[in-house]
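Participant: fold the stuff below for me.
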Amino acid sequence: MTNLVIALGNLSPVVTFLTADSPTADKTRILGFDPQTLFQVGAQLVAALLLFYVLGRLLFNPVRDILRKRREEIASSYDHIEKETHEVETLKKDYEEKIRNIKAEADKIMAQAHSKAVAREDEIVKEAHEEANRIMQRAHLEIERERELMKDDIRNEIVEVATLMAGKFVESSLSEEKQRVLINETLNEMGEDTWQD
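Facilitator: Numbering: from 1, shown residues only. The predicted model follows:
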């Protein structure tokens, strides 16, 4: 700023030379470079520069600062959006991986449940066979007992019939003890094979 004022001061001899009265100079000029005009132009130039300086400090710099802050906020928002987008993509990949793992785990659980069901089915069938075998064995034992009881009953009936028959034949001549001995001998002669049939 001071350089401009010094430069204007150095121009004053040139201006006075150009504006000096010369015999050929026209007095009706529209624009004359006299010292007052040059001073006014210089003052207006200084005022304009001062106005630009003041406006720059008071208006342009705050507007620049607001624009810079806004630019930074927008850049920050873009960075934040980009970061969140990356996080969302990461979460999406994680969820997709978890879904795949869940499907695999569900398949695994289904396979385990199927194998357990098959094992349980085999176990139930085995238990049913064992129970059937036990029932069959009990039935055989029961049949065997019944057979033994029937043998005993038949033996007792045969003994009674034989006793009655023998009693009728030898009733008059044999004593009771002789009758028993004869019956036992007869039974022993018949043998066990006769009773089993």
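Participant: check which helix or strand the most centrally placed residue in the chain maps to.
Facilitator: The residue lying closest to the centre of the chain (CA atoms, centre = their mean) is Lys98, at 4.6 Å. Per DSSP states H and E: Lys98 is located in helix 61-170.
Participant: by contact count, what packs against that helix?
Facilitator: Where contact means 3 or more CB pairs under 8 Å, 6 or more residues apart in numbering; DSSP states H and E, helix 61-170 is packed against helix 176-190, helix 192-196. C-betas here are computed from N, CA, C, even on glycine.
Participant: out of those helices, deepest packed?
Facilitator: When the helices and strands packed on helix 61-170 are scored by mean count of other CB atoms under 10 Å, the highest mean neighbour count falls to helix 176-190 (a mean of 12).
Participant: for that one, packing partners?
Facilitator: On a contact count with 3+ CB pairs under 8 Å, 6+ apart, helix 176-190 meets helix 61-170.
Participant: circling back to that earlier point, gap between the helix holding Lys98 and the chain center?
Facilitator: 23 Å (CA atoms, centre = their mean, to the nearest Å).
Participant: the inter-axis angle of it versus helix 176-190?
Facilitator: Interaxial angle of helix 61-170 relative to helix 176-190 (axes from the mean of the first three to the mean of the last three CA atoms, to 10 degrees): 120 degrees.
Participant: before we move on, the earlier item: among the helices and strands packed on helix 61-170, which comes closest to Leu141?
Facilitator: Leu141 lies closest to helix 192-196 among these, at 17.0 Å (CB to CB).
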